[in-house]
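1. Sequence and predicted model, in that order:
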Amino acid sequence: HPVKKKFELYAEGASNQWGVDWDDRGQAFFEACVIPHMWQCIQGARYTRQAGQHWNKFTYEDIKTIANFEYEKRAYCGAMIYLGGQWPKEFRDAFFFNDIHMNKLRCEQLTRDGSGMRAEKKMDFMVSPDAWYRGLSPQYGPDGSVFVNDWYDKVPCHQQREFTDRTNGRIYKIVYDGVKPVSVDLQKASDAELVQMQLNENDWYVRHARRILAERGPKPEVNAALAKMLRENPDETRKLRALWALHGTQGLTETLALETLKSPMEYVRAWTIQLVCEDGAPSAAELAEFATMARDDASPVVRLYLASAAQRIAVAQRWPILTGLASHAEDAKDHNLPLMLWYGLNPLGDSDPGLLATLGGKAKIPGTVRCIAHRLAESIDREPLAVDVLLGGALAGSPELQAAVIGGLSDGLKKAASAPMPVAWEQIIAKLTDTPDEYLHAQLVDLDKIFTAGQQIADARRTVLDPKMLPDERRAALEQLMDAKAPALRETCTQLFPDLLMRFPAALVLTSLDDPRDTPALTAQAQAFAEPERGLLFSALASRPHHAAALLDSIAAKKLPRATLTPPVVEKIRALGDEALAKRLDALPPAPPEPAKKRAKKLTN
């Protein structure tokens, strides 16, 4: 931020965005290289990446390109949405960018599509016959004409940089009939003149005038004039310009914001939401209005801005907004809203999975519900009740929402061998088992195997911990848990230490996990056992690298006697083939000789 000096991540992902610009209603667009070329830039969005992983591991799916076509190559530079006011009307709000390999200035039309926009191929606006033409950044100036800087080089890409010719470069000016060059110094303009420039047909004046007003700081007369323009100008784009300038001059008060949140013009309502939430601290009255708008506003644009804003509001305050947004079935196939809603919701997976599950069971947007189910499935071992709440809601939902829940659970448990069986699972199976959807049926079958295995593990755990069961049954159940690599096996074994019948097999299983956190407890258990269990447990510890190292530490620190290193224990440590452990073993002093009386008794026996 130019004044607050605060850095904020606006959106995430994509690739080589060498150009961004805004249309007449403040919608940002950028071109990208390598990946598909055309994108609408939405605050809080996550876009397809060229490489690497999303910083948030719960992203699951990202927002895709707004173009359904491609060009021959994938290297682009510069972005200009023409708002210069001098070219013919057909070019206003059109998106221009340079195609580096093809020596062209491309042009696309941006058309409204639900909450956002889509790109449509318009024309190759300018084609150079010179193969060295490397257009970079097109920009319109104060007379409405467009300047294009040309790197002018044989090399189109950085991979061949040793051949780059840095002595060339041109700047072109693209003019339309009747243009009259102008000389401008807006710093000499009065505040009143700068305010009036917000109505100029050429956005060059609008943007620079707005910046200068912000640099001059808040002034009551400026804010009053801009507020009058915001209230009285009939054109939505001019209202927006007044709103943006008010924000820059710190003139957007809570009273005025609450007024503009009720504007009949959707982009005015939407932009008020974004500006009010810039610092993540809307007032209680504004939050209440957001909740009402999330539930009742007919504009998908407004709902998109609410979904964006929710990410900047404290998680505890998002709930009424996100609940309202999730109730709009008409947004199910929107390009942006299902995922933008999810990006605002996913922190609830940590802070309140039950609340997330409740919303998932009532939501009307399958894409969002699938992400919710995916998130809850990943934490089913810790929060099994949340999945039950979600499935309970799904039982009363539409077939599309039920399929979304099953799909999300399948996504989240794709690599799982077992998981706790939800209480509602049998009801789900009974309701959906005859589905004609083969893909859904396959997901149900796979999930049923995972949950059945989870049920078997739960039964085995109950048997292991039940002192009324026969010892042989309990030991067999413990072996079943070990073979299944059951979740919480370590905790189960620790629970068995007070049980005289089960503590030795539990200690052996725990030793096999080779978790260094368990070495002190296992060592203490070994010392408590009589032979042969004592020797067997020390041998088992010695056969695991972490435990063996800890044993040597304890002996070196004289916490354990040197006699702990019996020949079987030494043999196990050497069998690990670890040079460092072998050296440490050799460095220990030799075991003291046994007392003569003890030796004689052994010989007599």
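-> Noted; the coordinates are in hand.
2. buried residues in stretch 314-323?
-> 315, 317-319, 321-323 (16 or more other Cβ atoms under 10 Å). Using the backbone N, CA and C atoms, a C-beta is placed for each residue, glycine as well.
3. Grab the nearest non-local neighbour of residue 413.
-> Closest residue in space to residue 413, ignoring its immediate chain neighbours: residue 377 at 5.0 Å, by Cβ to Cβ, 6 or more residues apart in numbering.
4. That neighbour should be in a helix, yeah?
-> Yes. Under DSSP: H, G, I helix; E, B strand; the rest coil, residue 377 falls within a helix.
5. Residue 531 in helix, strand or coil?
-> Secondary structure for residue 531, judged by three-state DSSP, is coil.
6. Kindly report the same for residue 333.
-> Secondary structure, three-state DSSP: residue 333 is coil.
7. tell me, how many neighbours does it end up with?
-> Residue 333 has 12 neighbours, counted by other Cβ atoms under 10 Å.
8. ok, now which ones touch it?
-> Residue 333 makes contacts with residue 114, as judged by Cβ atoms under 8 Å, 6 or more residues apart in numbering.
9. per-residue confidence for it?
-> On the pLDDT scale, residue 333 is placed at 97.
10. cool, and residue 604?
-> In this model, residue 604 carries a pLDDT of 56.
11. swap in residue 114?
-> So, for residue 114, pLDDT stands at 98.
12. Against residue 303, how distant is it?
-> 10 Å (Cβ to Cβ, to the nearest Å).
13. Mutual contacts of the two, please.
-> 331, 337.
14. Who has more neighbours out of those two?
-> Ranked by neighbour count (other Cβ under 10 Å), residue 114 and residue 303 place residue 303 first, with 30 against 17.
15. contacting residues for that one?
-> Shown in contact with residue 303 (Cβ under 8 Å, 6+ apart): 115, 294, 297, 325, 328, 331, 337.
16. so which helix or strand takes in it?
-> Per DSSP states H and E: residue 303 is located in helix 300-310.
17. Alpha carbons only: can I get that helix in PDB?
-> Once non-C-alpha atoms are left out, helix 300-310 reads as follows in PDB (Å, rounded to 0.1, in the frame of the first residue of the first chain):
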ATOM      1  CA  PRO A 300     -24.100 -12.900  -8.700                       C
ATOM      2  CA  VAL A 301     -21.500 -10.100  -9.000                       C
ATOM      3  CA  VAL A 302     -22.400  -8.900  -5.500                       C
ATOM      4  CA  ARG A 303     -22.300 -12.500  -4.200                       C
ATOM      5  CA  LEU A 304     -18.800 -12.900  -5.700                       C
ATOM      6  CA  TYR A 305     -17.600  -9.800  -3.900                       C
ATOM      7  CA  LEU A 306     -19.100 -11.000  -0.700                       C
ATOM      8  CA  ALA A 307     -17.300 -14.400  -1.100                       C
ATOM      9  CA  SER A 308     -14.000 -12.500  -1.700                       C
ATOM     10  CA  ALA A 309     -14.600 -10.200   1.300                       C
ATOM     11  CA  ALA A 310     -15.300 -13.100   3.600                       C
END
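18. ok, and what's touching the next helix-or-strand element following that helix?
-> As assigned by DSSP H and E, the chain's next helix or strand after helix 300-310 is helix 315-326. The contact list for helix 315-326, computed with Cβ under 8 Å, 6+ apart, reads 287, 290-296, 303, 306-307, 309-310, 313, 331, 337, 341, 344-345, 347-348, 351, 355, 359, 362-365, 368.
19. Over to the residue lying closest to residue 324 once chain neighbours are set aside. Which of the three states is it?
-> Leaving aside its chain neighbours, residue 324 sits nearest to residue 294 (3.0 Å; criterion: Cβ to Cβ, 6+ apart). Following three-state DSSP, residue 294 is assigned to helix.
20. Tell me which residues touch residue 294, please.
-> Taking Cβ under 8 Å, 6+ apart as the test, what residue 294 contacts is 303, 306, 320-325.
21. how near is residue 383 to residue 151?
-> With Cβ to Cβ as the criterion, residue 383 and residue 151 are 55 Å apart.
22. Could I get the contacting residues of residue 276?
-> Counted by Cβ under 8 Å, 6+ apart, residue 276 has contacts 252, 257, 282, 286, 309.
23. ok so, going back, list buried members of the contacts of helix 315-326 by neighbour count.
-> By 16+ other Cβ under 10 Å, the contacts of helix 315-326 give 287, 290-291, 293-295, 303, 306-307, 309-310, 313, 331, 337, 341, 344-345, 347-348, 355, 359, 362-365, 368 as buried.
24. Identify the farthest-apart pair in the contacts of residue 294.
-> 303 and 320 (13.8 Å; Cβ to Cβ).
25. Show me which strand runs longest in this structure.
-> Counting residues, the longest strand found in the chain (DSSP state E) is strand 116-127.
26. Quick one: residues in contact with the helix or strand following that one.
-> Per DSSP H and E, the first helix or strand lying C-terminal to strand 116-127 is strand 135-140. The contact list for strand 135-140 (Cβ under 8 Å, 6+ apart) reads 18-19, 77-80, 82-84, 86, 96-100, 103-105, 126, 128, 146-151, 202-204.
27. Strand 135-140 pairs with which strands, and in what direction?
-> Take DSSP bridges as the rule and strand 135-140 pairs in its sheet with strand 146-150 (antiparallel).
28. how far does the partner strand sit from the chain's center?
-> 37 Å (Cα atoms, centre = their mean, to the nearest Å).
29. Send me the next helix or strand after it as CSV with only the CA atoms.
-> The helix or strand immediately downstream of strand 146-150 is strand 170-174, counting by DSSP H and E. C-alpha atoms of strand 170-174 as CSV (Å, rounded to 0.1, in the frame of the first residue of the first chain):
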residue,chain,number,x,y,z
ARG,A,170,11.2,1.1,-30.9
ILE,A,171,8.1,2.9,-29.6
TYR,A,172,5.0,3.1,-31.9
LYS,A,173,2.0,5.3,-31.6
ILE,A,174,-1.3,4.0,-33.0
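30. Show me what the next helix or strand after strand 170-174 is packed up against.
-> Note on strand 170-174: by DSSP H and E, the next helix or strand toward the C-terminus is helix 191-196. If you count contacts as 3 or more Cβ pairs under 8 Å, 6 or more residues apart in numbering; DSSP states H and E, helix 191-196 packs onto helix 203-216, helix 220-232.
31. In the first one, which residues are buried?
-> What it means is helix 203-216. So for helix 203-216, counting by 16+ other Cβ under 10 Å, buried means 203-210, 212-214.
32. Strands of the stretch 1-150 of the chain, start to end?
-> Ranges of strands within the stretch 1-150 of the chain are 12-14, 20-22, 28-31, 38-41, 46-49, 76-81, 94-99, 104-113, 116-127, 135-140, 146-150, based on DSSP state E, counting those that start in this stretch.
33. deepest of these, which one?
-> Using mean count of other Cβ atoms under 10 Å, the stretch among those with the largest mean neighbour count is strand 94-99, at a mean of 25.
34. got the angle for that strand vs strand 104-113?
-> 140 degrees (axes from the mean of the first three to the mean of the last three Cα atoms, to 10 degrees).
35. Return the list of helices and strands in contact with strand 94-99.
-> strand 76-81, strand 104-113, strand 116-127, strand 135-140.
36. So which of these is nearest residue 577?
-> Residue 577 lies closest to strand 76-81 among the helices and strands packed on strand 94-99, at 55.7 Å (Cβ to Cβ).
37. Note down every partner strand of that closest one and its orientation.
-> strand 94-99 (antiparallel).
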